[in-house]
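1. Kindly return the folded structure for what I paste below:
(one chain, ligands or ions: 1)
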Amino acid sequence: MKKDVIVIGGGIIGVASAYYLALQGRSVMLIEKDKVCAGASHGNAGLIANGFAIPLAAPGAAIQGIKMMLDSSGPFYIKPRLNLELLRWLWKFHNACNEKQMQRSIRILLALGQGSFELFDELLATEKIKFDYERKGRLILFSSEKSFASGMADVKLLAEFGVEASLLDAEGVRQFEPNVMPTVKHGIFCSSYGHVSPDLFTHKMARLAAVQGVEIKTATAVNGFEKSAQKITTVVTAEDSYSADQIVLAGGAWSPEIVGSLKLRLPIQPAKGYSLTYKCPPNSPQLPLSLSERKVAVTPMGEKLRFTSTFELVGFDPSVNQRRLEMIRSSAQEYLSGMDELEDETVWSGYRPATPDDLPIIGRSEKYENLVLATGHGTLGMTHSLITGKLVAQIMANEQPSIDLKALSPERFYN
Ligand SMILES: Cc1cc2nc3c(=O)[nH]c(=O)nc-3n(C[C@H](O)[C@H](O)[C@H](O)COP(=O)(O)OP(=O)(O)OC[C@H]3O[C@@H](n4cnc5c(N)ncnc54)[C@H](O)[C@@H]3O)c2cc1C
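-> Residues are numbered from 1 along each chain as shown. Here you go, the predicted structure:
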């Protein structure tokens, strides 16, 4: 039977969109090529980050980033190769690295983050579900004066936008987290952070969507479309074809490939990152941490402790780089005591759907009037999941969106 909406992609963005669409009383089918939460939504750091909203595309970042990214042992890396889409992406990234764009992005990221915080509260009040959600803030640890100075500059910048953060000396750091090593000399505490177990959260959202009547088809890859004039009429998979009035693309890093046959160009690169997850050790940190100099995030998730890092523009490359894993392991011991015998290691890697200006793509396609894009969430897809779902539902209903969508429009890269 023809549905009102087909959502493509069963990551957090797809399931949140399906949930909010079903709440409006629409019939929804979600199509996922693998299983729910098989992509980036599975093993990430789980931070709901409504604080340090400085985009990767900031003044000076192009030169600094490119220098860092050519160091194959560092946390940022670009695999040198002749790939036209990557070159176009880097050029757009370079163009977005200016003061005006950064200021605009901070405002949007803070609005999206605040909208998300409110929706987490609403969800927890109305649905009574649990996914290890805590709102304890985040502590950034510094062992060098140079990186603390850079952290202080970020705090000053964000203060202009109303973000509050406390600068801490060594003793102040230990009051929040007693088990940091003596090498940690400074810290910054930002209270506007929450965290979740991302896999649990995504599965719980999928279950809520199913309770609202969403039909979830897994192991079903979308491999084409039929169209008539400016409308998509049919979504084609290997086994079957499905029709709907409206289509939502939430394919994460695979989004450009999914809509390739529609001749829609989306500047999204897969930005690979790793996580290492352990059983919580006895001295486990109680707060999410950032190990600043190593660019490693540490998140307590129920009985687990997760370390995440690296942003690699290497394409879809499933190989495991042992040097990078070693960097993450050693940083745990460098900053925290009691980390020398971590147990039950799980290694994971995933692909962030990264846009050049570090903002998601949310809005109707200009080319296909019944296609809504909800993709390109980069480093913040968990954070912006609920607000994205809500915005998708508002777009479908032709309601005034709760956030001005101009800066997130799919066409912004080409106009
Ligand atoms: C190391 C790391 C740490 C991160 N930490 C954080 C964090 O702390 N906070 C935060 O907010 N964000 C974080 N992120 C980013 C976050 O994980 C992503 O932005 C988010 O998961 C993107 O969700 P998505 O639903 O768009 O994509 P995905 O979760 O990747 O889902 C896309 C889905 O589409 C499916 N698909 C692909 N092709 C097809 C097809 N042809 N047909 C049907 N389905 C298809 C895939 O199988 C996949 O399930 C992190 C990411 C990484 C890698």
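2. Helix or strand: which one has the nearest residue to residue 135 once chain neighbours are set aside?
-> Leaving aside its chain neighbours, residue 135 sits nearest to residue 194 (4.0 Å; criterion: CB to CB, 6 or more residues apart in numbering). All C-beta atoms are positioned from the backbone trio N, CA, C, and that covers glycine. Assigned by DSSP states H and E, residue 194 belongs to strand 193-195.
3. Is that strand positioned near the ligand?
-> No - contact between strand 193-195 and the ligand is absent, the nearest approach being 7.5 Å (criterion: CB under 6 Å from any ligand atom).
4. closest point of the stretch 51-200 of the chain to the ligand, which residue?
-> Nearest to the ligand, among the residues of the stretch 51-200 of the chain, is residue 198, at 6.7 Å (CB to the nearest ligand atom).
5. surely residue 107 meets residue 161?
-> Yes - contact criterion CB atoms under 8 Å: residue 107 and residue 161 qualify, at 6.8 Å.
6. what secondary structure does residue 368 sit in?
-> Following DSSP: H, G, I helix; E, B strand; the rest coil, we place residue 368 in the coil state.
7. returning to what we had before: so the residue nearest to residue 135 touches residue 120, yeah?
-> Yes - between residue 194 and residue 120 there is a contact under CB under 8 Å: 6.6 Å.
8. okay, and the common contacts of these two?
-> 48, 133 (CB atoms under 8 Å, 6 or more residues apart in numbering).
9. distance of residue 210 from residue 218?
-> Here residue 210 is placed at a distance of 12 Å from residue 218 (CB to CB, to the nearest Å).
10. meant to ask about residue 102
-> 39 Å.
11. These two: who's more crowded?
-> residue 102 (21 against 14; other CB atoms under 10 Å).
12. so what's that one up against?
-> By CB under 8 Å, 6+ apart, the residues touching residue 102 are 54-55, 57-59.
13. at 6 Å instead, please
-> Counting by CB atoms under 6 Å, 6 or more residues apart in numbering, residue 102 makes contact with residue 58.
14. Name the SS class of it, please.
-> Going by three-state DSSP: residue 102 is helix.
15. Numbering from 24 from now on, please.
-> That works, and once the first residue is 24, the last one we named lands at residue 125.
16. now the stretch 74-223 of the chain, which segments are flagged as low pLDDT?
-> Applying pLDDT under 70 to the stretch 74-223 of the chain flags residues 89, 91-92, 95-96.
17. In it, mark out all the strands, start to finish.
-> Assigned by DSSP state E, counting those that start in this stretch, the stretch 74-223 of the chain shows strands spanning 99-101, 161-165, 189-191, 209-213, 216-218.
18. Of those strands, which is nearest residue 383?
-> Among the strands of the stretch 74-223 of the chain, the nearest to residue 383 by CB to CB is strand 216-218 (18.6 Å).
19. helices and strands around the closest one, which ones?
-> Packing partners of strand 216-218 (3 or more CB pairs under 6 Å, 6 or more residues apart in numbering; DSSP states H and E): strand 70-72.
20. neighbouring strands for the strand it packs on, and are they parallel or not?
-> Next to strand 70-72 in the sheet, as set by DSSP bridges, lie strand 216-218 (antiparallel).
21. what's across from the residue of the stretch 124-273 of the chain found nearest the ligand in the sheet?
-> Per CB to the nearest ligand atom, residue 245 is where the stretch 124-273 of the chain lies closest to the ligand, at 3.8 Å. Assessed by DSSP bridges, residue 245 has beta-bridge partners residue 260.
22. And residue 321, by the same measure?
-> Beta bridges link residue 321 to residue 312, residue 330, judged by DSSP bridges.
23. Get me the contact residues on the stretch 24-173 of the chain for the ligand.
-> 31-37, 54-57, 61-64, 67-70, 72.
24. Take those and keep only those in helices.
-> 35-37 (DSSP state H).
25. Make TSV out of the residues you listed and add pLDDT, neighbour count and distance to residue 98.
-> Shown next, in TSV, are those (pLDDT from 0 to 100; neighbours: other CB atoms under 10 Å; distance: CB to CB, whole Å):
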residue	pLDDT	neighbour count	distance to residue 98
35	98	34	23
36	98	35	25
37	98	36	28
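26. so which of those residues comes closest to the ligand?
-> The shortest gap between the ligand and any of those belongs to residue 36, at 3.5 Å (CB to the nearest ligand atom).
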